[in-house]
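Chemist: My questions concern the predicted model and sequence given below.
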Amino acid sequence: MTLASFVRKNAFRNKRRSILTVLSIGGSLLLLTFLITIWRSFYDSKPSEQSAQRLIVRHKVSLVFNLPSYYRQKIQAIPHVKEVVNEQWFGGQYKDDKPANYFAQFGTDPQEIFKVYPEFQIPADQLAAWQHDRAGAVVDAGLAKKFGWKIGDRLNITGKIFPVNLELTIRGIFTPPDYPTQTIYFNKDYIDEGFPKLKGSDGFFAVLADSPESVPTVAQAIDEEFRNADRPTKTESEHAFQLGFIGMLGNIKAFILSICLAVVFTILLVSANTMAMSIRERTREVAVLKTLGFTRNSILGLFVGEAVSLSLIGGLLGSLLCFLGVTGMASQGGMFAGMKVTPITIVASLMIAAIVGFASSFIPSYNASKINIVEGLRHIG
């Protein structure tokens, strides 16, 4: 019998305890894998080729403050700027305030929006129909599928930020290249007519540079242009803007890190408790193994191997459950749209599980390997 087969047989000698340990570690690793996935999706993901060319121009102080609409022409005149479009967050309510019915709504210029977002695919006839209907809208294909919308359907949205209720007609359905954006676009003139105070200002501008290399230069030039204006600007890449929007919720990095540390500590306690109980019950067995010729190192390897095996099984179970869960949530869109558990994330979780299994079992295993044969055979417990 090899050491590996010995480890395999002994790891589940107490089936109830071993299964509960695996489930505990699996639950902890599921949460850990999910948090690592969120971290990578927010902070380590690379923007697409088109996204790397886009910038967002907003008020320097806060998104709450709008910018004058004439900034658009000045931005367009800056070197290396290809296209500029205005956007206004509407923040209305569809049906009710349940999270399942939430999606983003932006007032914009139908003539320009798909020039700044060229990767969004929409049939030419649908785009033309929207551009000729001031009360029309285009919707994300994922949203259309979710709510069962089709061309010609009416879309009623109650205004919560502006005293305007939108009564829109769906004129087109666009398809993003990677994942649902959970967004609809409509003509901003609709808001301006219902709320004249907003006319002449916009929430922010989306800018398409001629190349990713030009983005830093364009950002600096735009902010320099409006440095001394009444409403100065802050220009950043689209990816940086998204991270800044997430940052408004608080210090997400510290929050995720603190939970990850708590999860790892929990796994360590669970594994350490299991191994301590197992080794204490097998004191006489250790003495018998030594009598049969097992060395201190082989006994140490046996117990450590059992702990690492249980941890890896739990880690694999948790990672696979996280993969299935995240895949299901991503298909529903929303904040999880485009999120996925990568092989690197699963490998990282399994490595953490193995390290925790080793760390939690090494000391009790080392102490067990030093047991004197005579004292071990006398042990009663």
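Modeler: Right, received. Where do you want to start?
Chemist: who's in contact with Pro176?
Modeler: Contacts of Pro176 were listed using Cβ atoms under 8 Å, 6 or more residues apart in numbering, and they are Glu119, Phe120, Asp140, Ala141, Gly142. Heads up, the C-betas are built off the backbone N, CA and C, glycines and all.
Chemist: Out of the residues you listed, who's the most crowded?
Modeler: The member of the contacts of Pro176 that has the most neighbours, counting by other Cβ atoms under 10 Å, is Asp140 with 25 neighbours.
Chemist: quick one: that residue from Tyr117, how far?
Modeler: According to Cβ to Cβ, to the nearest Å, Asp140 stands 12 Å off from Tyr117.
Chemist: hang on, the earlier thing: dump the contacts of Pro176 to a markdown table, plus distance to Thr327.
Modeler: Conversion of these to a markdown table gives the following (distance: Cβ to Cβ, whole Å):
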| residue | distance to Thr327 |
| --- | --- |
| Glu119 | 23 |
| Phe120 | 24 |
| Asp140 | 19 |
| Ala141 | 19 |
| Gly142 | 15 |
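Chemist: List the contacts of Val341.
Modeler: Neighbouring residues of Val341 by Cβ under 8 Å, 6+ apart: Thr33, Thr37, Ser319, Cys322, Phe323, Val326, Thr327.
Chemist: want to try JSON lines for those, with distance to Met275, neighbour count and pLDDT as columns?
Modeler: What follows is the contacts of Val341, written out as JSON lines (distance: Cβ to Cβ, whole Å; neighbours: other Cβ atoms under 10 Å; pLDDT from 0 to 100):
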{"residue": "Thr33", "distance to Met275": "23", "neighbour count": "28", "pLDDT": "87"}
{"residue": "Thr37", "distance to Met275": "29", "neighbour count": "23", "pLDDT": "83"}
{"residue": "Ser319", "distance to Met275": "22", "neighbour count": "26", "pLDDT": "89"}
{"residue": "Cys322", "distance to Met275": "25", "neighbour count": "24", "pLDDT": "89"}
{"residue": "Phe323", "distance to Met275": "28", "neighbour count": "20", "pLDDT": "88"}
{"residue": "Val326", "distance to Met275": "31", "neighbour count": "20", "pLDDT": "82"}
{"residue": "Thr327", "distance to Met275": "34", "neighbour count": "13", "pLDDT": "81"}
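Chemist: With respect to Leu300, which of those residues is nearest?
Modeler: Proximity of these to Leu300 (Cβ to Cβ) peaks at Ser319, which lies at 27.8 Å.
Chemist: contacting residues for that closest one?
Modeler: Taking Cβ under 8 Å, 6+ apart as the criterion, Ser319 is in contact with Leu29, Leu30, Thr33, Val341, Thr345, Ile346, Ser349, Leu350.
Chemist: Which residue ranges of the chain form helices?
Modeler: For the chain, the helices defined by DSSP state H cover 3-11, 15-39, 71-76, 113-116, 124-131, 141-147, 189-194, 215-225, 238-247, 252-281, 283-291, 296-331, 343-369, 373-378.
Chemist: Can you add distance to Val64 and give those helices back as a markdown table?
Modeler: Putting those into a markdown table (distance: least, Cβ to Cβ, whole Å) gives the following:
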| stretch | distance to Val64 |
| --- | --- |
| helix 3-11 | 58 |
| helix 15-39 | 26 |
| helix 71-76 | 17 |
| helix 113-116 | 23 |
| helix 124-131 | 29 |
| helix 141-147 | 26 |
| helix 189-194 | 16 |
| helix 215-225 | 19 |
| helix 238-247 | 13 |
| helix 252-281 | 20 |
| helix 283-291 | 67 |
| helix 296-331 | 30 |
| helix 343-369 | 36 |
| helix 373-378 | 72 |
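Chemist: who wins for proximity to Gly91 among those helices?
Modeler: With Cβ to Cβ as the criterion, Gly91 lies closest to helix 189-194 of the helices of the chain, at 11.1 Å.
Chemist: on contacts alone, who are the packing partners of the closest one?
Modeler: Helix 189-194 sits against no helix or strand, with contacts defined as 3 or more Cβ pairs under 8 Å, 6 or more residues apart in numbering; DSSP states H and E.
Chemist: what's the offset of it from the middle of its chain?
Modeler: Using Cα atoms, centre = their mean, to the nearest Å, we find the averaged C-alpha position of helix 189-194 to lie 35 Å away from the chain's own average C-alpha position.
Chemist: Show residues contacting it.
Modeler: With Cβ under 8 Å, 6+ apart, helix 189-194 has contacts from Gln88, Phe90, Gly107, Arg134, Ala135, Phe162, Pro163, Val164, Leu166, Leu168, Leu198, Lys199.
Chemist: Just send those back as a markdown table, with pLDDT and neighbour count too.
Modeler: Conversion of the contacts of helix 189-194 to a markdown table gives the following (pLDDT from 0 to 100; neighbours: other Cβ atoms under 10 Å):
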| residue | pLDDT | neighbour count |
| --- | --- | --- |
| Gln88 | 95 | 21 |
| Phe90 | 93 | 22 |
| Gly107 | 95 | 24 |
| Arg134 | 91 | 12 |
| Ala135 | 93 | 15 |
| Phe162 | 90 | 18 |
| Pro163 | 90 | 9 |
| Val164 | 90 | 19 |
| Leu166 | 92 | 22 |
| Leu168 | 95 | 21 |
| Leu198 | 90 | 19 |
| Lys199 | 91 | 12 |
